[in-house]
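A.B. asks: the sequence and its predicted three-dimensional model are supplied below.
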Protein chains: 2
Amino acid sequence: VKHIAESTVRRLSLYLRFLEDYRRQGLETISSGDLAALGGTTSAQVRKDLSFFGSFGTRGLGYSVNALAHRIREILGLEREWRVIIVGAGKIGGALAQYNGFGERGFRVVGIYDVDPARIGQSLDGVVVKDQRDLDADLKVLKSDIVLIAVPPEAAQPLVDRVTRAGIRAVLNFAPTPLHAPAGVTLRSVDMALELEILSYALASTKP
Amino acid sequence: VKHIAESTVRRLSLYLRFLEDYRRQGLETISSGDLAALGGTTSAQVRKDLSFFGSFGTRGLGYSVNALAHRIREILGLEREWRVIIVGAGKIGGALAQYNGFGERGFRVVGIYDVDPARIGQSLDGVVVKDQRDLDADLKVLKSDIVLIAVPPEAAQPLVDRVTRAGIRAVLNFAPTPLHAPAGVTLRSVDMALELEILSYALASTKP
């Protein structure tokens, strides 16, 4: 598989959402111009992004919505199921466990873990919170692909170290702290506190 | 107020977390080396970031934890309260309404809105969900500063247009769709579906 830049992956992900909208509306073809307008980019960029993966378009007719959606799902790895483990069953972990968007995209939550006895044993959207001591053993048994980290900041880096040692290669972090992962592991962070501080700074530093 | 690059705002936000950790531990000074190590950057970068706002350090002694934390909070606009409105009281909006991290940083949720009669009237962490028809009038009455968007993708852009017309200058979007805001408005997005797709692509395109 060729390596694609993150900015391209981002655009493919966007194109896919538009294609799915078109499909829901019963439309069979889409032009590069439509995709560009929806995605806030240019037709040339769309054609460049898509030509990278082969030839889909028919001159004058545009792209087949179904064929292109299928191909992008293949490229992004969305044609298969990914098994997700959530560590931390507090407010963020709990909200993640109940987030419908995962299932729609083929991400299946197969385990939720916490250290707090008050949380262990609770059921979150059908998945029972387990004791975090069982995590290492379960990571292999559950054939998990992705770990979502929703633990306090000070517990996050040891957890990354632990799950990557167990073979996990994809981590999405929600703890508000910078983390490091070994080479070959993809680590992304969603930091709501930081986003709010960027907004706060923008408001504080400009006049209305 | 001088304009600071987003990458600098990001680092200041990180330094602030480390300073708060130090304060909790009862430590009174911190060196640029410590801040650099914690933040994964260099001492020279730390000194450059901080010198931009005046002189805090004492050679050989480091920075005063309290004074520096206070100054960074001032710069980031965190010494005052920001009034936040959440639009969309579904799973994401509901989780946001109950997220403790807001209050800790001085972000106060003053209103939650939805269009669904089943949700209107429900209480989320003490704030009652109101009818979205009241939003325009309330934006001014509530003196709101920041709007969090947690509505379905197709409703998101009209909502941005609506709240920015009403004078809102800071928007944090959780709808998985690209949005545009007029000049002078800071619009940020947290897109969990996209983050997952980036992980999915990384897993699909590399061998274990």
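C.D. replies: Perfect, thanks for sending it.
A.B. asks: contacts and neighbour counts: CA atoms only from here.
C.D. replies: OK.
A.B. asks: name whatever forms a beta bridge with A:Leu148.
C.D. replies: Counting by DSSP bridges, A:Leu148 is bridged to A:Ile86, A:Leu172.
A.B. asks: surely it touches A:Ala89?
C.D. replies: No. At 10.7 Å, A:Leu148 does not count as touching A:Ala89 under the criterion of Cα atoms under 8 Å.
A.B. asks: identify the contacts common to those two.
C.D. replies: Residues touching both A:Leu148 and A:Ala89 by Cα atoms under 8 Å, 6 or more residues apart in numbering or on different chains: none at all.
A.B. asks: for A:Leu19, give me its contacts.
C.D. replies: A:Leu19 sits in contact with A:Ile30, A:Val65, A:Asn66, A:Leu68, A:Ala69, where contact means Cα under 8 Å, 6+ apart.
A.B. asks: and it, that's in a helix?
C.D. replies: Yes. Assessed with DSSP: H, G, I helix; E, B strand; the rest coil, A:Leu19 lies in a helix.
A.B. asks: chain center to the lengthiest strand in chain A, what's the gap?
C.D. replies: Longest strand of chain A, by residue count under DSSP state E: strand A:107-114. Distance, stretch centre to chain centre, for strand A:107-114: 15 Å (Cα atoms, centre = their mean, to the nearest Å).
A.B. asks: just checking, what packs against it?
C.D. replies: strand A:82-87, strand A:127-131 (3 or more Cα pairs under 8 Å, 6 or more residues apart in numbering or on different chains; DSSP states H and E).
A.B. asks: so which of these is nearest B:Val9?
C.D. replies: strand A:82-87 (28.8 Å; Cα to Cα).
A.B. asks: quick one: contacts of that closest one?
C.D. replies: Contacts for strand A:82-87 (Cα under 8 Å, 6+ apart): A:93, A:96-97, A:106-114, A:132, A:142-151, B:200.
A.B. asks: so which of the contacts of A:Leu19 reach chain B?
C.D. replies: With the criterion set as Cα under 8 Å from any Cα of the partner chain, no member of these is near chain B.
A.B. asks: just give the closest residue to A:Phe107, not the sequence neighbours.
C.D. replies: A:Trp82 (4.9 Å; Cα to Cα, 6 or more residues apart in numbering or on different chains).
A.B. asks: need the CA coordinates for the helix or strand hosting A:Ile198. CSV is fine.
C.D. replies: Using DSSP states H and E, A:Ile198 falls within helix A:192-205. Output of helix A:192-205 as CSV, limited to C-alpha atoms (Å, rounded to 0.1, in the frame of the first residue of the first chain):
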residue,chain,number,x,y,z
MET,A,192,-10.8,19.4,24.4
ALA,A,193,-9.2,21.6,27.1
LEU,A,194,-6.5,22.7,24.6
GLU,A,195,-9.2,23.6,22.0
LEU,A,196,-11.0,25.7,24.6
GLU,A,197,-7.8,27.5,25.6
ILE,A,198,-7.1,28.3,21.9
LEU,A,199,-10.6,29.8,21.7
SER,A,200,-10.1,31.6,25.0
TYR,A,201,-6.8,33.1,23.8
ALA,A,202,-8.5,34.1,20.5
LEU,A,203,-11.3,35.9,22.4
ALA,A,204,-8.9,37.5,24.9
SER,A,205,-6.4,38.7,22.3
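A.B. asks: one step back: can you list the buried residues in the longest strand of chain A?
C.D. replies: Using 16 or more other Cα atoms under 10 Å in any protein chain shown as the burial criterion, the residues of strand A:107-114 that qualify are A:Phe107, A:Arg108, A:Val109, A:Val110, A:Gly111, A:Ile112, A:Tyr113, A:Asp114.
A.B. asks: adjacent strands (with direction) for whichever helix or strand comes after it?
C.D. replies: Counting by DSSP H and E, the next helix or strand C-terminal to strand A:107-114 is strand A:123-124. Here strand A:123-124 has these sheet partners by DSSP bridges: strand A:127-131 (antiparallel).
A.B. asks: please work out the average pLDDT along the strand it pairs with.
C.D. replies: Averaged across strand A:127-131, pLDDT comes to 95.
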